[in-house]
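[1] let's see this in three dimensions:
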Amino acid sequence: MKNEKIKWLNTSGVGSIITTKLGTYVLISDINKWRFIKWANSKVEIIRTNNSDERKVYELSKTEILNRGLEFIDDQRFIKFVKSEKNLENLVCLIGIPHMALNESFNTPNWKNHPIRTALQNSGEQFEGVSSHYMITGTHFPKWFKNSEGELKLIREWYTIWEKECRKYPDTLKLDNFAPPRDASSKKAFIRELNSRNEDGNPIKIREYKTLEQTNLILICPNGHLSDIPWANYLRWKTEKYLRLLPEEDKGENLMSNEMVGPCCSNPKLKWTESKTKSEGYGSIYIECNSCGLGSGSEKDKPKINLEGINSLKPKCCGHKPWEIDLENNLIIPYENCFKTNSNNEKEDMQVALVTANNVYYANGFSSLFIPIHLAENKTPELIDALLILEERYKTRNNTTPISKNDYWIKRIEGDFDEFLSDNGIFVNIDKKNFKNQLKVEFLNVISEENIDKHEEYRWQEYQCFSTHLTLPDIEINKGLRFKDIQLPKELINNFKKFSRLKN
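    Alright, predicted model coming up:
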């Protein structure tokens, strides 16, 4: 849904649940759902198809991305590390997440003077009405919301009601005004008509409605899957447990199955009530259905149903991956098979969790200092370029008929070294014979990947850079890294060898 696009992101990543300023929860979508990432991937793929030189691919990709106003992360050291660490052989470059600040007056991004809009306009691309292409996409999760009357519905049902209301008041109500999710189910939900201004500063009137309240309970599994609690199924299951129609040991294993448990009725109209007289806890939260009367306490076979004991619920996991939901077709939740480790196809158990709990999402962060790759690897830029091209050529040649690196060097490089340099635009400032020997040593120096701690090597590069340089020449190849030594006070000289200060 259009309203399910968010405009900000913190240090958490895909699959994390963000609490907004208004207290609702948004699940960050798979990066492949982000429109500007889709665009960048398609451009890079075209460039790679037409060019075999990795250096040219990198530079052309940089030009394309910068021309669109996006930030190009020019950090080849980190790219090389990620390619190796995550086995992303086709990774070419990284781009920054666009800064899309929200204008809270009319719930749209500040697009009018945005640098990306200006860049698109200058390049002759479409720039009107495409601000959403540069936002991080997400989906509300959990998807259950209730209004002030306790009516409990999925957000798509509330949105359908909102669409009908917008058709009734086309001049003062827009679909975008649904964010944050609002109630338009009755006259009681309407608050007032506000005087406001649109993006052009012209006066307008907006109808204001009460906001909906999102539930805060979800199901999680050890394999990382997330599911909404099917509340209509829960109501039926809990009623049958209360009436002892199910065995005592039943923990809702089949709760997610409409065939085994199923909803309370064919047209559930759920109501969520929180008792004001009892102490806080799940025992004071009641759920019932206004269609079939289950949970109402009106009859012997329809007892009052609360959420007491919900933490003991252990339904079998469906393998839901809601962060991969296609926002244009959000009724389908992507899923995969989910089994217990070392089991004979036995499905994993899920457990109830608060959406804000630490066990729902834990970010695996990795910090990195920017260091130009020639400093990190202690090689000249020319040597790095030559080695990159040589490795790429050898890899391509070896895909057809396997050959050792030593044989490849002798047959393809040894006698035609000048031609190799000129064909690839490599200009050597030092003695060519010395450069050739350096390249040969680097190319033939095969070290088993199993013997390398990639993280330790990465940190060692940082240590070496700052410990062996007092300062750096202010030249183009060192652009992005500036630091200088700090004179230590007498009290610290005996305790520390060196202090350096990084500059922005």
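[2] packing partners of the helix or strand in which E457 is found?
    E457 is part of helix 454-468, with elements assigned from DSSP states H and E. Here helix 454-468 touches helix 76-85, helix 373-376, going by 3 or more CB pairs under 8 Å, 6 or more residues apart in numbering; DSSP states H and E. All C-beta atoms are positioned from the backbone trio N, CA, C, and that covers glycine.
[3] show me what the next helix or strand after the longest one is packed against.
    Reading on from helix 76-85 to the C-terminus, the next helix or strand found by DSSP H and E is strand 94-95. Under the contact criterion of 3+ CB pairs under 8 Å, 6+ apart, strand 94-95 touches helix 35-50, strand 72-73.
[4] what mean pLDDT does the helix or strand just after strand 94-95 get?
    The helix or strand immediately downstream of strand 94-95 is strand 102-103, counting by DSSP H and E. Mean pLDDT, strand 102-103: 74.
[5] quick one: the next helix or strand after strand 102-103 to chain centroid distance?
    Downstream of strand 102-103, the next assigned helix or strand under DSSP H and E is strand 108-109. Here strand 108-109 shows a centroid-to-chain-centroid distance of 20 Å under the convention CA atoms, centre = their mean, to the nearest Å.
[6] pretty sure K347 is in contact with F339, am I right?
    Yes: with contact defined as CB atoms under 8 Å, K347 reaches F339; the gap is 6.1 Å.
[7] the two: which is more packed in?
    Ranked by neighbour count (other CB atoms under 10 Å), K347 and F339 place K347 first, with 18 against 14.
[8] out of the helices and strands packed on helix 454-468, which gets nearest to W272?
    helix 76-85 (44.9 Å; CB to CB).
[9] how near is the residue lying closest to D418 once chain neighbours are set aside to S343?
    Excluding its sequence neighbours, the residue lying closest to D418 (CB to CB, 6 or more residues apart in numbering) is K432, at 7.5 Å. K432 is 62 Å from S343, where distance means CB to CB, to the nearest Å.
[10] kindly report the same for I332.
    Distance, I332 to S343, using CB to CB: 28 Å.
[11] same question for I371.
    I371 sits 46 Å away from S343, going by CB to CB.
[12] higher neighbour count, the two?
    For I371 versus S343, neighbours defined as other CB under 10 Å are more numerous around I371 (22 against 9).
[13] now do the nearest residue to that one once chain neighbours are set aside, the pLDDT please.
    Spatially, and ignoring its direct neighbours in sequence, I371 is nearest to C465 (5.0 Å; CB to CB, 6+ apart). pLDDT for C465: 86.
[14] any idea how far S298 is from L327?
    L327 sits 40 Å away from S298, going by CB to CB.
[15] more neighbours: these two, which one.
    Neighbours of L327 and S298, each counted by other CB under 10 Å, are more numerous for L327; the result is 15 against 12.
[16] isn't there a helix covering that one?
    No: counting by DSSP: H, G, I helix; E, B strand; the rest coil, L327 is not part of a helix but coil.
[17] doesn't H140 make contact with it?
    No: counting by CB under 8 Å, L327 does not reach H140; the two are 10.8 Å apart.
[18] would you agree E64 is in contact with I47?
    Yes: contact status for E64 versus I47: in contact at 7.2 Å, counting by CB under 8 Å.
[19] so where do the helices sit in the stretch 351-500 of the chain?
    With helices called from DSSP state H, counting those that start in this stretch, the stretch 351-500 of the chain shows them at 373-376, 381-398, 405-408, 417-423, 432-444, 454-468, 490-493.
[20] list the contacts of the third one.
    Contacts of helix 405-408 from elsewhere in the structure, counted by CB atoms under 8 Å, 6 or more residues apart in numbering, are 394, 397-398, 443-444, 446.
[21] can you list the weak-confidence ranges in the stretch 301-450 of the chain?
    Along the stretch 301-450 of the chain, segments meeting pLDDT under 70 span 446-450.
[22] give me that answer again for 90
    Where the stretch 301-450 of the chain drops to pLDDT under 90, the residues are 326-332, 341-345, 358-369, 371-450.
[23] one step back: which ChimeraX command selects the buried ones in the contacts of helix 405-408?
    A single ChimeraX command suffices to select whichever of the contacts of helix 405-408 are buried according to 16 or more other CB atoms under 10 Å:
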select :394,443
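[24] ok, the contacts of helix 405-408 vs G309, which is closest?
    V446 (60.9 Å).
[25] residues near K38, how many?
    Applying other CB under 10 Å, we find 13 other residues in the vicinity of K38.
[26] contacts only, for it.
    Counting by CB under 8 Å, 6+ apart, K38 has contacts N32.
[27] so it versus N51, what's the distance?
    Shown here: K38 relative to N51, a distance of 21 Å by CB to CB.
[28] list the buried ones in the helix holding E457?
    458, 461-462, 465-466.
[29] same list (those) but as a markdown table, adding distance to E59.
    Output for these, formatted as a markdown table (distance: CB to CB, whole Å):
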| residue | distance to E59 |
| --- | --- |
| Y458 | 24 |
| Q461 | 23 |
| E462 | 26 |
| C465 | 24 |
| F466 | 28 |
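[30] so which of those comes closest to C166?
    Y458 (52.7 Å).
[31] leaving out chain neighbours, which residue sits closest to the closest one?
    Per CB to CB, 6+ apart, closest to Y458 is F81, 5.5 Å.
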